[in-house]
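Engineer: Predicted model and sequence below, questions to follow.
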Amino acid sequence: MKLIIIDYGAGNIKSIQFAFKRLGVDAVLSNNIEEIKAADKVIFPGVGEASSAMEMLRESGLDSVIPELKQPVLGICLGMQLMCNSSEEGNTKGLGIFNVAIKKFSSAVKVPQMGWNVISDLKSDLFTGVKEEEFMYLVHSFYAENCKEAIATTAYEIEYASALQKDNFYGVQFHPEKSSTAGEQILKNFLKL
Amino acid sequence: MLTKRIIPCLDIKNGRTVKGVNFVNLIDAGDPVILAKQYAELGADELVFLDISATLEGRKTMLEMVLKVAEQVNIPFTVGGGISSIKDVDALLKCGADKISINSSAVKRRELVNELSNKFGSQCVVVAIDAKQIDGEWMVHLAGGTIPTALNLFDWAKEVESRGAGEILFTSMNNDGTKAGFANEALAKLSTELNIPIIASGGAGTVQHFTDTFTIGKADAALAASVFHFGEIAISALKKELKEQNIPIRI
């Protein structure tokens, strides 16, 4: 199986690569459009600021490639947020795969949300073998509003969508690669999709 | 609900853990990778590695260690000690560190906090602050608490927050090593006045100290070293007890 992690200069992708290696799968880092299109599975990572990450996607032409992919695609953290319609972070448009806006937590809570919180209302094959209220590691200041495409929700200030799915596109706000054995289960499930 | 984090801290010199570690059934208690894996399995929520190597060679070894930890450990970890430039941070993040922590270098050149948070994002910038209460006032100290500064803890914490720090690791020099509890009054003030997570450090001796720092001290996370390394407090038992005391905790 050919697993590609899209390498467009955003964030710590080593951890994701290592997490798959622990599962016995060699993930390849690539920004090559043909290689990404030909992969069996694609990981769309991202840590950092939304508008500058979108800028990097536009520069490489990936902004038009990613929404057209046919194989299973998993966006992680900022990757998931960029797959949405828009983000309040740098007031940027997103890739528009998920029909939802990214908003900022208010100062009623500590920002970023940093640490382990639970995921509930699990609704996808991505969560096979993962129990309701399982703990995941999250670090983020912006969130996707709860919506039709939500396949998991988490409560912090409000109940928001901590995972999304539309057709072959999956997105998770949490870091499965840093979420102990439950996170590993999600990565395993993604490989089986 | 977001849970409170329990964070063991490992001191590293030339790629090896230095403070004596007396751990159950460990093949090599000096190997930080083995220790880190064990802590992750026991339920630690995060790990902190503090590099106390003084040499260039030691620093290189640290990068190798970070790479090995990232390869083998499935929970987040922070690396601190001797970090003073974008280049240092870039190298550590590329090896797989999730967060980095800066201390003296931020006091010496305050723009460093802005530079790092702009380049890498606030989420990976922890500012560690060592402070000592002198005549009622909390003063920031450098170099492991040995050099006093004219900075007030609360002013400095607010400043680094505004410069883009994503988290504060506050060590009370008055409490560190005493095993008499965390500096909860100062912690609560920090937690109330700032809007970023606060990690409590210094003074852990009993389970009740952790409960107190999460309730009275309003801390978001608690860090300790020797009570964990010497098995005085088992992480699994600690977390179970905290949960029974209605502290939100991941089990």
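Structural biologist: All right, it came through fine.

Engineer: before we move on, what SS does B:Pro148 have?
Structural biologist: Using DSSP: H, G, I helix; E, B strand; the rest coil, the three-state assignment for B:Pro148 comes out as strand.

Engineer: Name the secondary structure element that contains the closest residue to it other than its chain neighbours.
Structural biologist: In this structure, B:Pro148 finds its nearest non-sequential neighbour in B:His141, 5.4 Å apart by C-beta to C-beta, 6 or more residues apart in numbering or on different chains. (Glycine included, C-beta is placed from N, CA and C.) Assigned by DSSP states H and E, B:His141 belongs to strand B:137-142.

Engineer: What residues of that strand count as buried?
Structural biologist: Taking 16 or more other C-beta atoms under 10 Å in any protein chain shown as the basis for neighbour counts, the residues of strand B:137-142 that come out buried are B:Trp138, B:Met139, B:Val140, B:His141, B:Leu142.

Engineer: Ok, stretch B:147-165 next?
Structural biologist: B:Leu151, B:Leu153, B:Phe154, B:Trp156, B:Ala157, B:Glu159, B:Val160, B:Glu161, B:Arg163, B:Gly164, B:Ala165.

Engineer: what does stretch A:144-155 give?
Structural biologist: Residues A:Ala144, A:Asn146, A:Glu149, A:Ala150, A:Ile151, A:Ala152, A:Thr153, A:Thr154 are the ones in stretch A:144-155 that count as buried (16+ other C-beta under 10 Å).

Engineer: on that earlier part again, tell me the one of the buried residues of stretch B:147-165 nearest B:Gly96?
Structural biologist: Ranked by distance to B:Gly96 (C-beta to C-beta), those are led by B:Ala165 at 21.5 Å.

Engineer: quick one: that closest one and B:Arg110 touch, right?
Structural biologist: No - at 10.9 Å, B:Ala165 and B:Arg110 do not qualify as touching, with contact defined as C-beta atoms under 8 Å.

Engineer: now for the biggest helix by length in chain A, which elements pack on it?
Structural biologist: Once chain A is assigned using DSSP state H, the helix that runs over the most residues is helix A:180-192. Applying 3 or more C-beta pairs under 8 Å, 6 or more residues apart in numbering or on different chains; DSSP states H and E, one finds that helix A:180-192 makes contact with helix A:14-22, strand A:134-140.

Engineer: picking up where we left off before, can you list contacts of the strand holding B:His141?
Structural biologist: Contact with strand B:137-142 is made by B:103-104, B:107, B:129-133, B:147-154, B:156, B:173, B:186, as judged by C-beta atoms under 8 Å, 6 or more residues apart in numbering or on different chains.

Engineer: how about a cut-off of 7 Å?
Structural biologist: Judged by C-beta atoms under 7 Å, 6 or more residues apart in numbering or on different chains, the contacts made with strand B:137-142 from elsewhere in the structure are B:104, B:107, B:129-132, B:147-149, B:151-154, B:156, B:173, B:186.

Engineer: which of these lies closest to A:Ile97?
Structural biologist: Compare each of the contacts of strand B:137-142 with A:Ile97 using C-beta to C-beta and the shortest gap goes to B:Ile129, at 41.7 Å.

Engineer: Let me see the ranges of the strands in the stretch 151-251 of chain B.
Structural biologist: Per DSSP state E, counting those that start in this stretch, the stretch 151-251 of chain B has strands spanning B:167-172, B:198-201, B:221-224. These are given in chain order.

Engineer: so which of these is the most packed in?
Structural biologist: A comparison of those by mean neighbour count, using mean count of other C-beta atoms under 10 Å in any protein chain shown, puts strand B:198-201 on top with a mean of 29.

Engineer: tell me what it is packed against?
Structural biologist: Based on contacts counted as 3 or more C-beta pairs under 7 Å, 6 or more residues apart in numbering or on different chains; DSSP states H and E, the elements that strand B:198-201 packs against are strand B:167-172, helix B:184-193, strand B:221-224.

Engineer: Does the second one reach chain A?
Structural biologist: When you say that, I think you mean helix B:184-193. No - remark: helix B:184-193 sits outside contact range of chain A, by C-beta under 7 Å from any C-beta of the partner chain, the gap being at least 8.3 Å.

Engineer: Then the first one?
Structural biologist: Yes - shown here: strand B:167-172 in contact with chain A (C-beta under 7 Å from any C-beta) through B:Glu167.

Engineer: Parallel or antiparallel, list what pairs with that strand.
Structural biologist: strand B:125-134 (parallel), strand B:198-201 (parallel) (DSSP bridges).

Engineer: most tightly surrounded among these?
Structural biologist: Ranked by mean neighbour count under mean count of other C-beta under 10 Å, the strands paired with strand B:167-172 are led by strand B:198-201, which reaches a mean of 29.

Engineer: Tell me the spacing between the one residue in the stretch 151-251 of chain B that gets nearest to chain A and B:Ala143.
Structural biologist: The nearest approach of the stretch 151-251 of chain B to chain A comes at B:Arg250, 4.4 Å away (C-beta to the nearest C-beta). With distances taken as C-beta to C-beta, to the nearest Å, B:Arg250 is found 34 Å from B:Ala143.

Engineer: Which of those two has more residues huddled nearby?
Structural biologist: Between B:Arg250 and B:Ala143, counted using other C-beta atoms under 10 Å in any protein chain shown, the more crowded position is B:Arg250 (21 against 9).

Engineer: Next, the contact list for the more buried one, please.
Structural biologist: Contacts for B:Arg250 (C-beta under 7 Å, 6+ apart) come out as A:Trp116, A:Phe135, B:Thr3, B:Asp45.

Engineer: Show the buried residues in those residues.
Structural biologist: Neighbour-count burial (16+ other C-beta under 10 Å) applied to these gives A:Trp116, A:Phe135, B:Thr3, B:Asp45.

Engineer: Please narrow the residues you listed to those residing in strands.
Structural biologist: Within the buried ones among the contacts of B:Arg250, residues falling in strands by DSSP state E are A:Trp116, A:Phe135.

Engineer: can you put the buried ones among the contacts of B:Arg250 in a markdown table and add pLDDT and distance to A:Lys123?
Structural biologist: Conversion of the buried ones among the contacts of B:Arg250 to a markdown table gives the following (pLDDT from 0 to 100; distance: C-beta to C-beta, whole Å):
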| residue | pLDDT | distance to A:Lys123 |
| --- | --- | --- |
| A:Trp116 | 98 | 21 |
| A:Phe135 | 98 | 18 |
| B:Thr3 | 98 | 23 |
| B:Asp45 | 98 | 27 |
